[in-house]
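Peer 1: Predicted model follows, preceded by the sequence.
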Number of protein chains: 2
Amino acid sequence: MKITTNYKNLSKAVSVVEKVVSRNPALPILNNILLKTENGRLKISATNLEVGINYFLGSKIDETGEIAVPARIFSDFISNIGEEKITLTTKNNILSINTDKYKTQILGFDPKEFPIIPKIKNEVFSIIPAKILKNSLNTVLNSIAVSETRPELAGVLLQFTNQNFVLAATDSFRLTEKIVELKNEQNNSFILPRNTVLELIRLLGDTDEDISLRYSDNQVLFSTNDAEIVSRLIDGNYPDYKKVIPEKFISRALIKKDELEKNVRLAGLFSSNIADIKLSCNDKNLTINAKNSDKGEFQVVTAATLKNDPFDIALNYYYLLDGLKIIQTQNVIMEYTGQGSPLVLRPENDAKNTTYLIMPLRK
Amino acid sequence: MKITTNYKNLSKAVSVVEKVVSRNPALPILNNILLKTENGRLKISATNLEVGINYFLGSKIDETGEIAVPARIFSDFISNIGEEKITLTTKNNILSINTDKYKTQILGFDPKEFPIIPKIKNEVFSIIPAKILKNSLNTVLNSIAVSETRPELAGVLLQFTNQNFVLAATDSFRLTEKIVELKNEQNNSFILPRNTVLELIRLLGDTDEDISLRYSDNQVLFSTNDAEIVSRLIDGNYPDYKKVIPEKFISRALIKKDELEKNVRLAGLFSSNIADIKLSCNDKNLTINAKNSDKGEFQVVTAATLKNDPFDIALNYYYLLDGLKIIQTQNVIMEYTGQGSPLVLRPENDAKNTTYLIMPLRK
């Protein structure tokens, strides 16, 4: 391989790809990234066997070829040289990086040892603007179960129909559903692992591009012109989450979101070891009480507008904070659905399509 | 105790004091800060038994008193409420914090259990502008030994005469000496522990005040109008470091500091397990070589102006980087003092008063 490329582009590509690299002592080849010339571009790849990334970079290619190089030193080096033009040459699994000032040789590995990232050639079944995909994934992210006790909950359920794109996540303590109006080419439904969601959010960054989705054999491919992310999917049936969402509410309060968030955070300092705080809402105010026998106690009153009857509920304050974080509007809608039933949060402007639900604590 | 104070000032004071609080499971009272009315002000104190801090805050005092409160929850609470006026009231070792919106009770402890921070009433022996003190401590900080194998090296030697204020630190691999022209009231000399140096740098922040120093019984007090830091000193005799500093150099090079720093950092990526890189200087260039049998090799050339003969030297690149970090001038002076003798770095504008010395690696 002999190619010439631009420092800035290479540095950006490497920084994106490198984050997927796993520190896997059992399979050290995964600590590498693969550099390979492909269709007139340089392809930079990394995989942790669950998620694989390919990044394509316009380059002047004098000689095709490929090499696996340790991700860490390659990334540290490239991100610090600050040169305009870089020449990459390979010989006997050694990568030479030369610029006007620097002469560098990095010891690499046989590219044949690098795991194959699956290619998915099926038709595109959905096209989603990057900003919408990223925002939707961020909305449901915190409700994905971190534990793998129930593997099907350790991912987000993505559902595609010819009318919309629906995301749902729950760790059984809280649940988020996000509905996006979008016409998809084919119906589809699968569970995307939490790690892929995190990688995807990071990879999408601030891009304005459209993201194309392809599916095959329990794998999914998200792609732009320059980059691809291929992920395995979670086997199993996602629970019928719809039946957990109450159809009606008993009372509905409207509260300033920033003020509530701040007060919940303060109350959390005084919550007990099960992180509980108590909300009491009447037609003027929401009062938050917290008490911890080792630390002390706390009370704050927040103005609220209430429809229907006053209510009391005890909640885990972390879950309430997580819910408030995804509300982007000035006011949050809070729906009380009965004793022992979930509390529901919704944004003011998109109440029907965004649902965040918290199971109450037993009194 | 019953006092009213301003949120901003209290929040700032608590954030400064709180950092000294130790997480000491053997002596849980050290996890607290002491609030005490004293001479018409609120005194906020914390200590880890090595360093103690007192911060004085103008407050409206309706009733004198004192209490020890857990630092963490008090600090988290105060730094997040964002109110203008706060009333602090104590009763039965419970601290009530009330504002227009919040009602809070924090469980505290008997202030009598809180360790006494020594008072030093001796005459001031030195007054140092805060910026000069902070800059001087930062200059020598990295050369202080982190290990306690030789306790006297785990601090910085401070020497006060009627002509100057001299700081020296060495971990026996490198040494920094900083001389500040300053007339002191009394001669004095002591070893200040590394932790106190770190606290002092943090506490000095961006203040423009003069810092007064008092000494008594192996303790030193640094004070401004609003704050005091009292530290124990290290027992023992500091080695005669002056004899390690070469009196003459053989060759002297002048090199662009930022470029050298960047190139040393890159070379470091390819250093061996003893972190060695090799410098070769001739009358035009400084060439840096590094080689690691597992990673690869690296060479870079940096322009240099040399006085006298070419030289070669092998060094630990971390120590070279640490030295370059304290050079604030465009060019760095590099002095070669012979085979097996230290390499000396100096800033261009203050060469006589700032000395950073690195012991070479055996070839």
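Peer 2: Nice, I can see it. Residues are numbered from 1 along each chain as shown, chains lettered A, B, ... in the order given.
Peer 1: quick one, what contacts A:Lys284?
Peer 2: A:Ala303, A:Ala304, A:Leu306 (CB atoms under 8 Å, 6 or more residues apart in numbering or on different chains). Every residue, glycine included, has its C-beta placed from N, CA and C.
Peer 1: Show me which residues of the stretch 1-150 of chain A sit near chain B.
Peer 2: A:70, A:73, A:76-77, A:80-82, A:94-95, A:101-107 (CB under 8 Å from any CB of the partner chain).
Peer 1: Show me which of the residues you listed are buried.
Peer 2: Buried members of those, counted by 16 or more other CB atoms under 10 Å in any protein chain shown: A:Pro70, A:Ile73, A:Asp76, A:Phe77, A:Ile81, A:Leu95, A:Tyr102, A:Thr104, A:Gln105, A:Ile106, A:Leu107.
Peer 1: In helices, which of those fall?
Peer 2: Counting by DSSP state H, these place A:Ile73, A:Asp76, A:Phe77, A:Ile81 in helices.
Peer 1: show me what contacts the second one?
Peer 2: By CB under 8 Å, 6+ apart, the contact set of A:Asp76 is B:Leu269.
Peer 1: From chain B, how far out is A:Thr224?
Peer 2: 31 Å (CB to the nearest CB, to the nearest Å).
Peer 1: So for that residue, what's the pLDDT?
Peer 2: Looking at A:Thr224, its pLDDT reads 93.
Peer 1: follow-up on the earlier one: how about the contacts of A:Lys284 in CSV, adding secondary structure, neighbour count and pLDDT?
Peer 2: Output for those, formatted as CSV (DSSP: H, G, I helix; E, B strand; the rest coil; neighbours: other CB atoms under 10 Å in any protein chain shown; pLDDT from 0 to 100):
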residue, secondary structure, neighbour count, pLDDT
A:Ala303, strand, 12, 95
A:Ala304, strand, 20, 97
A:Leu306, strand, 20, 96
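Peer 1: Reformat those as a markdown table; add distance to chain B.
Peer 2: A markdown table is the format used below for the contacts of A:Lys284 (distance: CB to the nearest CB, whole Å):
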| residue | distance to chain B |
| --- | --- |
| A:Ala303 | 10 |
| A:Ala304 | 14 |
| A:Leu306 | 19 |
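Peer 1: could you give the mean pLDDT of stretch A:145-165?
Peer 2: Taken as a whole, stretch A:145-165 carries a mean pLDDT of 95.
Peer 1: what about that stretch, distance to the chain center?
Peer 2: A distance of 12 Å separates the centroid of the chain from that of stretch A:145-165, by CA atoms, centre = their mean, to the nearest Å.
Peer 1: Now that stretch - C-alpha only, PDB.
Peer 2: Provided in PDB are the C-alpha atoms of stretch A:145-165 (Å, rounded to 0.1, in the frame of the first residue of the first chain):
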ATOM      1  CA  ALA A 145     -31.600  -1.800  31.000                       C
ATOM      2  CA  VAL A 146     -27.900  -1.800  31.800                       C
ATOM      3  CA  SER A 147     -28.000  -5.200  33.300                       C
ATOM      4  CA  GLU A 148     -28.100  -8.300  31.000                       C
ATOM      5  CA  THR A 149     -30.400 -10.300  33.400                       C
ATOM      6  CA  ARG A 150     -33.200 -10.000  30.800                       C
ATOM      7  CA  PRO A 151     -31.100  -9.700  27.500                       C
ATOM      8  CA  GLU A 152     -34.100  -8.400  25.500                       C
ATOM      9  CA  LEU A 153     -34.300  -5.300  27.700                       C
ATOM     10  CA  ALA A 154     -30.600  -4.500  27.200                       C
ATOM     11  CA  GLY A 155     -31.400  -2.800  23.900                       C
ATOM     12  CA  VAL A 156     -33.900  -0.500  22.300                       C
ATOM     13  CA  LEU A 157     -36.900  -1.800  20.400                       C
ATOM     14  CA  LEU A 158     -37.000  -0.100  16.900                       C
ATOM     15  CA  GLN A 159     -40.200  -0.500  14.900                       C
ATOM     16  CA  PHE A 160     -40.600   0.600  11.400                       C
ATOM     17  CA  THR A 161     -44.000   0.800   9.500                       C
ATOM     18  CA  ASN A 162     -45.200   2.800   6.500                       C
ATOM     19  CA  GLN A 163     -46.400   5.500   8.800                       C
ATOM     20  CA  ASN A 164     -43.900   5.900  11.600                       C
ATOM     21  CA  PHE A 165     -40.700   4.900  13.300                       C
END
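Peer 1: Which strand or helix spans A:Ile211?
Peer 2: Per DSSP states H and E, A:Ile211 falls inside strand A:210-216.
Peer 1: tell me the average confidence for that strand?
Peer 2: On average, strand A:210-216 scores 96.
Peer 1: That strand pairs with which strands?
Peer 2: Within its sheet, strand A:210-216 is paired with strand A:124-129 (antiparallel), strand A:219-223 (antiparallel), according to DSSP bridges.
Peer 1: Name the next helix or strand downstream of the shortest one, please.
Peer 2: Using DSSP H and E, the next helix or strand after strand A:219-223 towards the C-terminus is strand A:227-232.
Peer 1: which helices and strands does that next one pack with?
Peer 2: strand A:51-58, strand A:188-193, helix A:194-204, strand A:219-223 (3 or more CB pairs under 8 Å, 6 or more residues apart in numbering or on different chains; DSSP states H and E).
Peer 1: can the ones you listed go into TSV with extra columns for mean neighbour count?
Peer 2: Output for these, formatted as TSV (neighbours: other CB atoms under 10 Å in any protein chain shown):
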stretch	mean neighbour count
strand A:51-58	21
strand A:188-193	18
helix A:194-204	19
strand A:219-223	20
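Peer 1: Relative to A:Asn142, which of those is closest?
Peer 2: Closest approach to A:Asn142 among these is made by helix A:194-204 (10.5 Å; CB to CB).
Peer 1: May I have that closest one exported as CSV, CA atoms only?
Peer 2: In CSV, the C-alpha atoms belonging to helix A:194-204 read as follows (Å, rounded to 0.1, in the frame of the first residue of the first chain):
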residue,chain,number,x,y,z
ARG,A,194,-27.3,-0.5,24.1
ASN,A,195,-23.6,-0.3,23.1
THR,A,196,-24.6,0.2,19.5
VAL,A,197,-27.0,2.9,20.5
LEU,A,198,-24.1,4.7,22.3
GLU,A,199,-21.7,4.3,19.3
LEU,A,200,-24.4,5.5,16.9
ILE,A,201,-25.1,8.6,18.9
ARG,A,202,-21.4,9.4,19.0
LEU,A,203,-20.9,8.6,15.3
LEU,A,204,-23.9,10.7,14.2
